[in-house]
Structures are given as structure tokens and as C-alpha cells.
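> Just a sequence and a predicted model for now, questions to come.
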Amino acid sequence: MVRYIYYTLARASQENLKVYKSLELYLYDYKVRPVGDWSKDESGIRQRLQELKEDGQLDGFESEANKVEGLLISPDNIHVAIDALEQLEERIRKKEDAHHKTLAPYQHKLEIWAKQGFDTAGLSVMLVEKDADLKTIDKVFYRFEKMVERVVNMEKVLFEMSVPEFEVEIESLRGIMTDPARLGEVARRYHHLVQRINAFKKEQSRRKELALIVDKYSSLGYKVDNALRASRKDLKAYETAVSELEDAIAILENAEERLDAIESSVRGDQVDYLRAIIKDPDRVAEVVDIIDDLEKRARSQ
């Protein structure tokens, strides 16, 4: 029977084999079904019993098999022995069919996971073991299912937060995510990568905020060269430069308001010079000295 299965497999097209996810499942689906193709005499009955025993299909049916062998002691019982063996085969078939139906949901899950790219070889082997324990299978499949859910969620997160700067690392991680044996490595790399991506995106967001501040002051005519140079450095240096720019501009704005208040009474080259430098944060100290001096002149008139 087994040789016939391998012969059939050899002739099957690749398309037909796609229905099954492993050779073990393919053999399991057919090998376990007893057949009644045996000689209806003492020799045929003994040969068939031996075949069933070698295939492990008499497990749990030892008493029925012994009964058949006992009937063969008397040639007059040959027809009774034939009926008993046929009944035994039918019971074996029903047991195996029930077992197959019990495992069908697990086989369906294997097909789904295999389509998603997961390595299910270990699970396939469990389903074809003769003494497969359903409690153990259920426990292992439950853990695997949770692993799949975890990996799928990781993949979703990586897809949603994908950024060009990390694309190589993301693709490298995706390459091992469907290997159950590397789940620990996957989890560690995933969490480290997510932390780095979040930190990168947070920094980029902060840099955009700082750039808007610099652009605003630039549009108002202020000199922002220092801040622009700092934008190409690390974030802390950039924040420091923008903070210093804001402080300097606050002083310059105050100086401009003071100048507006006294300009009509202190016209001259000094006022024109102050107007020329009052938008330059690098010359805050000079601006303050000049406006202080102009206010003294205004008060003395």
C-alpha cells in the first residue's frame, strides 16, 4: 500500500501536490485507510492481519485480531473469520476517519500558516504520529497560533511606521519573522528597532517644529544663519541654537520698540545704523548699547 502511495506521488503533478503542505500529511490522508483487497482464505487472512500489525493499525484492536486468528484454527470457521476480519477493518477505518476529522481543523490552520510563509514542518510531523495526543497537539498549536498573531502584529506595526532610513533593517527582520525557532531573536530585534524608529520619528518631528520657528523669524527679516548651521548637527545643538535665537530676538524686538518710541527726537546716523543691525541676533549687545545711548540723548533734549 505504501509503495503504491509513493508511486502515485511520483506521477502526481506539482499543482496537485500544492493541496498538501507536507509529504507526511499526504501519506497520512491515504495510508491509514484499510482496504479489503486480500485473499479470502487462511493465508490471505493471516497476511492481512500481518499488514495491519506492521502498519500499526491494530493498536487498540488486539483482542479482535486475536479472535480472528483463533477462528483460523478450524477450517470450518473460515467464513466466520472472513466476516470478523471485514468487521475489524471497518472498525479501523471508522476510527481512522474519526481521527482524521478531529485533526482536520489543525490541518486547515497549517495550510493558512504555510501560505503566510511560516515554517510548519514540526507541526506537520505531530499530526502524522500514530500516538498523537490531542491535548499536546492543541497546546502546541495554541502556542504557535499566539506566535503567529504576535508576528503578524509586529509586521503590521513595522508596515505602519516604515521609514526609508530603516528600510534595510526592516526587510532583514522580515526575512526571519516566519521562523518559529528564531522568535526570541525576532522579538529582541523588533523591540530595539521600534524604539530606534520611534526615537528617530520623534526627533524628526521636533526638528520640523524648530525649522518652523527659524522660518518664521527668517520671514520677519531676522538673520538666522547660526540656527540653520545648527540644524545640520545633533538635535540638542539645534535646540540650543534655536533657544538662543529666540532669546536674542526677544531683546531685539524690545530694542526696536524702544527705538520707535524715541526715533522722532534722535534722528541721525546712529539711528540709521541701529536700524541696519537691529535684525541681527549676533549683535544683540551692540544694539542694546546703542539704544541705551539713544534714550539718554532723548531724555537730555
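Nice, thanks for sending it over.
> which stretches of the stretch 1-150 of the chain have low pLDDT?
Applying pLDDT under 70 to the stretch 1-150 of the chain picks out residues 1-38, 99, 129-132.
> can you give me the helices for it?
Counting by DSSP state H, counting those that start in this stretch, the stretch 1-150 of the chain has helices at residues 2-11, 14-17, 23-31, 42-54, 62-71, 78-115, 121-128, 134-160.
> Look up phi and psi at Phe166.
Phi and psi for Phe166, reported as degrees, to the nearest 10, are phi -120, psi 10.
> I should have written Gly268 there, sorry.
Dihedral angles for Gly268 - degrees, to the nearest 10 - are phi 150, psi -180.
> and if you look at Thr178?
phi -90, psi 10.
> thinking again about what came up before, and the helices of the stretch 1-150 of the chain as TSV, adding mean neighbour count and distance to Arg258?
The C-beta positions use only the backbone N, C-alpha and C, and glycine is treated the same way. What follows is the helices of the stretch 1-150 of the chain, written out as TSV (neighbours: other Cβ atoms under 10 Å; distance: least, Cβ to Cβ, whole Å):
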stretch	mean neighbour count	distance to Arg258
helix 2-11	11	95
helix 14-17	9	87
helix 23-31	17	88
helix 42-54	16	107
helix 62-71	15	109
helix 78-115	16	75
helix 121-128	17	80
helix 134-160	14	53
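> And stretch 234-251, what's buried?
Tyr238, Ala241, Val242, Leu245, Ala248, Ile249 (16 or more other Cβ atoms under 10 Å).
> Please verify my assumption that the fourth one contacts Ser218.
Spelled out, that is Leu245. No - assessed by Cβ atoms under 8 Å, Leu245 is found out of contact with Ser218, at 10.1 Å.
> Please parse the chain into its domains.
2-102, 158-204, 220-300 (automatic domain parsing).
> can you tell me which of those comes nearest to Val151?
domain 158-204 (5.1 Å; Cβ to Cβ).
> what distance separates the start and the end of the closest one?
Using Cα to Cα, to the nearest Å, the end-to-end distance of domain 158-204 comes to 18 Å.
> and stretch 234-248, what's its mean pLDDT?
Across stretch 234-248, pLDDT averages out at 95.
> ok, and what's touching it?
Residues outside stretch 234-248 that contact it (Cβ atoms under 8 Å, 6 or more residues apart in numbering): 203, 206-207, 210, 213-214, 217, 222, 224, 226-227, 229-231, 281-282, 284.
> ok, of those residues, which come out buried?
Leu210, Ile213, Val214, Tyr217, Tyr222, Val224, Asn226, Ala227, Ala230, Ser231, Pro281, Val284.
> now the angle between helix 134-160 and the helix or strand that contains the fourth one, please.
Spelled out, that is Tyr217. For Tyr217, the element it lies in under DSSP states H and E is helix 183-219. Going by axes from the mean of the first three to the mean of the last three Cα atoms, to 10 degrees, helix 183-219 is angled at 20 degrees with respect to helix 134-160.
> Which neighbouring elements make contact with the helix or strand just after helix 183-219?
Once helix 183-219 ends, the next helix or strand along the chain (criterion: DSSP H and E) is helix 225-230. Judged by 3 or more Cβ pairs under 8 Å, 6 or more residues apart in numbering; DSSP states H and E, helix 225-230 is in contact with helix 183-219, helix 235-262.
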